[in-house]
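K.L.:
coordinates only, sequence not included:
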Ligand code: GLV
């Protein structure tokens, strides 16, 4: 029986593509595999591809893929793909398990918190002036950290922070017991109480119709004065102009943003010049081929033998 294929691997990161291709070709030597990092290169493979393994794939091109049966997103979030999802039930959509990228995201969140609490910016400014002046640094043990979204990624973040002595509170949309947090807030009505309880708020939610701009002006105004907002979910979770406003009023003290509503962030975007915003270019959960390909291959074997795949997206729920 021929193995399912051809597979189209798509990534906007050209250098990763070579590694993805090497790993897939090594494991599936008898399957046709094509690679593309631009829509122009992808165009010549759309007619034939049965499987798409992609990151940054232009979702409007899905309509030009008549043979597509399975789309495995390289990352954990599928909001971009669902934007133009007209495939119906004949295409299976799966995503990479958040647990595979969560360890690095935990490190990012810790780095963002420590960068502020250890006051490395103050130290560097002093160093520039060769100035030795004692200052007090903070500690994670003294903080209440809120994690919004307690899926695989949020849960690992909560666990790590709690192990370091933070008081960790969580927020999720629907009630479900969670032993990883000291206090759990559930549902939209509890969101204002959740943000009011936190020194640091970590957003680890998927972007759906329900969560889009969830963190808007009314909510941000309820933050503890000087709160640190860290977004590792999706830029669209936050109303960016409301965030700028909350920072101007010092309700939010600092924002560390790895994800932005528009990526790449346009050069004229006001966030670039804001000293109270730290921007990183969507780096906190890198899709390291060696880390994520085993998940694809396990799903490939399931697909090939008609068994259920892992991490299937419920299209109605959008995650
Ligand atoms: C990263 O943003 C991902 O979706 O995995």
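P.N.:
All right, it came through fine. Everything numeric here is computed off the predicted structure, so don't read it as measured data.

K.L.:
secondary structure class for residue 254?
P.N.:
Under DSSP: H, G, I helix; E, B strand; the rest coil, the three-state class of residue 254 is strand.

K.L.:
what's across from it in the sheet?
P.N.:
Assessed by DSSP bridges, residue 254 has beta-bridge partners residue 228.

K.L.:
So it sits against residue 279, correct?
P.N.:
No: counting by Cβ atoms under 8 Å, residue 254 sits too far from residue 279 to count as a contact (11.7 Å). Any C-beta I mention is one placed from the backbone N, CA and C, and that applies to glycine too.

K.L.:
Tell me which of these two has more neighbours.
P.N.:
The residue with more neighbours, out of residue 254 and residue 279, is residue 254; 19 against 16, by other Cβ atoms under 10 Å.

K.L.:
Number of residues surrounding residue 300?
P.N.:
24.

K.L.:
go on, the one 5 residues further on?
P.N.:
Using other Cβ under 10 Å, residue 305 is surrounded by 9 other residues.

K.L.:
so how far is residue 299 from it?
P.N.:
Per Cβ to Cβ, to the nearest Å, residue 305 is found 11 Å from residue 299.

K.L.:
Show me which residues of the stretch 151-300 of the chain are close to the ligand?
P.N.:
residue 285 (Cβ under 6 Å from any ligand atom).

K.L.:
tell me the helices in the stretch 151-300 of the chain, going along the chain?
P.N.:
Taking DSSP state H, counting those that start in this stretch as the test, the helices found in the stretch 151-300 of the chain are 152-163, 191-196, 217-220, 240-248, 289-305.

K.L.:
List the buried residues in the last one.
P.N.:
By neighbour count with 16 or more other Cβ atoms under 10 Å, helix 289-305 contains the buried residues 289, 292, 293, 295, 296, 299, 300, 303, 304.

K.L.:
what separates that helix from the chain centre, distance-wise?
P.N.:
On the basis of Cα atoms, centre = their mean, to the nearest Å, helix 289-305 sits 21 Å off its chain's mean C-alpha point.

K.L.:
And it, what does it pack against?
P.N.:
Judged by 3 or more Cβ pairs under 8 Å, 6 or more residues apart in numbering; DSSP states H and E, the packing partners of helix 289-305 are helix 14-27, strand 51-55, strand 70-73, helix 98-117.

K.L.:
Now render these as JSON lines, adding mean neighbour count and distance to the ligand.
P.N.:
Formatted as JSON lines, the helices and strands packed on helix 289-305 follow (neighbours: other Cβ atoms under 10 Å; distance: least, Cβ to the nearest ligand atom, whole Å):
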{"stretch": "helix 14-27", "mean neighbour count": "16", "distance to the ligand": "13"}
{"stretch": "strand 51-55", "mean neighbour count": "24", "distance to the ligand": "8"}
{"stretch": "strand 70-73", "mean neighbour count": "23", "distance to the ligand": "7"}
{"stretch": "helix 98-117", "mean neighbour count": "19", "distance to the ligand": "6"}
